[in-house]
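J.: Need the 3D shape of this:
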Amino acid sequence: MELIQLETIEVPFRKLVASTENVRTTPAEEQATRQLAASIQAVGLLQSLVVQPAARGKFAVVAGERRYSALTLLQEAGQLPLSYKVPCRLLPKGADTTEVSLAENVERETMIGCLFNLSFFFRVQTGIQFTIFA
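T.: A predicted model of the protein is given here:
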């Protein structure tokens, strides 16, 4: 099996649309989306969206729906211009979008609670300000 090569592109926010092929069908919790938006505003978008070409020059977000929703919140709040260039990974023609969306949602490992707590404690002890918590 050949390794799929994904090209990295920048897509203006206005050209992004939600994909109907995303395997995650339940919307993210509103509070979690607001927290992610605050994180993106504080430190930037750390993970690219995965897209495929859609109708009328748009790009459908196949993986990264929560990040897209958070960007949408920022845009609606006037904190992200429609021209903002979003880093995206472009799926090649014929890619199995369901498999990609599923891999995005399944193939991840949650940070162990004690490591999260330790890093949080370190930041508090050293006086480092948190800008990602809304």
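J.: show me where the protein has helices.
T.: 30-43, 65-76, 97-106, 113-126 (DSSP state H).
J.: worst average pLDDT in those?
T.: Lowest mean pLDDT of these: helix 113-126, a mean of 56.
J.: State the distance from the residue lying closest to residue 28 once chain neighbours are set aside to residue 57.
T.: Spatial nearest neighbour of residue 28, excluding adjacent residues (C-beta to C-beta, 6 or more residues apart in numbering): residue 66 at 4.9 Å. All C-beta spots, glycine's among them, are computed from the backbone N, C-alpha and C. Noted for residue 66: a distance of 24 Å to residue 57, by C-beta to C-beta, to the nearest Å.
J.: These two: who's more crowded?
T.: Neighbour tally, residue 66 and residue 57, criterion other C-beta atoms under 10 Å: the higher count belongs to residue 66, 18 against 7.
J.: mind checking how far the more buried one is from residue 94?
T.: For residue 66, the distance to residue 94 equals 26 Å [C-beta to C-beta].
J.: and if you look at residue 43?
T.: Taken as C-beta to C-beta, the span from residue 43 to residue 94 is 35 Å.
J.: Those two: which is more packed in?
T.: residue 43 (10 against 7).
J.: Wait, residue 36 touches residue 64, no?
T.: No - between residue 36 and residue 64 there is no contact under C-beta atoms under 8 Å: 10.8 Å.
J.: In terms of neighbours, single out the busier of these two.
T.: For residue 36 versus residue 64, neighbours defined as other C-beta under 10 Å are more numerous around residue 64 (24 against 21).
J.: With adjacent residues omitted, what lies nearest to the more buried one?
T.: Nearest non-adjacent residue to residue 64 (C-beta to C-beta, 6+ apart): residue 49, at 3.7 Å.
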